[in-house]
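S.K.: I'll drop the sequence and a predicted model, then ask my questions.
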Amino acid sequence: MELISLSDKGKISEVFDFVNKNRILEYSNKLKDAFNNESIKDSFYEDLMELEYIQYRFLHKTVKDTSPFSTNHGTKGAEFNNVVCFIDDNDWNSYSLNKYLEGGPDIGAIITNNFDIQTRTRNLFYVICSRAKHNLAIVVMSEMSSKSIAEAKSLFGEGNFIDCFAGQQQLQSN
């Protein structure tokens, strides 16, 4: 009962501690080494351990395809009535929507996993745009250049583009 409560309301670290203390699951040597190695306990590790365990459960459901939501890699050939895509160029080294929309010549020079960023981004952007049967919303979480914004407006239509950063900047300046 306590484990169920922890998995609904506790942090990842609390669930790990409970499972370990109560010998519900024996840690592998690799996991034991990771927990005991102070040099790998960076801010990512600390942030991960502080997440609510239920967030991990939601992620697991999404990745394992038991959710009505899917990741970009899980949509090959699928179509949906409504598609919402969140893009943050700051989180991906292998893609850059901003640079793709700018169309700059330097983007093709950066190679990641045998594909240049331009090709990878173009392919992903095609998949995103071609999955929607009726409604498509692309929410860009990172800042875009004026050239990229102009290209997005050209692609989707001026009336279909909402610049959330512009509104946010106006609010901050007041």
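M.R.: In hand now; what should we look at?
S.K.: residue 1 and residue 8, how far apart?
M.R.: Distance, residue 1 to residue 8, using C-beta to C-beta, to the nearest Å: 11 Å. (C-beta placed from N, C-alpha, C; glycine too.)
S.K.: for those two, indicate the residue with more neighbours.
M.R.: residue 8 (11 against 5; other C-beta atoms under 10 Å).
S.K.: can you report phi and psi for residue 25?
M.R.: Here is the backbone geometry of residue 25 (degrees, to the nearest 10): phi -140, psi 130.
S.K.: residue contacts, it?
M.R.: residue 19 (C-beta atoms under 8 Å, 6 or more residues apart in numbering).
S.K.: quick check, pLDDT for it.
M.R.: Looking at residue 25, its pLDDT reads 81.
S.K.: did I read that right, residue 136 in a strand?
M.R.: Yes: under DSSP: H, G, I helix; E, B strand; the rest coil, residue 136 sits within a strand.
S.K.: pretty sure it contacts residue 127?
M.R.: No: with contact defined as C-beta atoms under 8 Å, residue 136 does not count as touching residue 127 (11.8 Å).
S.K.: break down the chain into its helices, ranges please.
M.R.: Applying DSSP state H to the chain gives helices spanning 2-9, 12-21, 29-36, 43-50, 53-63, 97-102, 117-130, 146-156, 164-173.
S.K.: show me which residues of the first one are buried.
M.R.: The neighbour-count criterion (16 or more other C-beta atoms under 10 Å) identifies 6-7 as the buried residues of helix 2-9.
S.K.: and the angle for it with helix 12-21?
M.R.: 170 degrees (axes from the mean of the first three to the mean of the last three C-alpha atoms, to 10 degrees).
S.K.: show me what contacts residue 102?
M.R.: So residue 102 contacts 145, 147-148, 151 (C-beta under 8 Å, 6+ apart).
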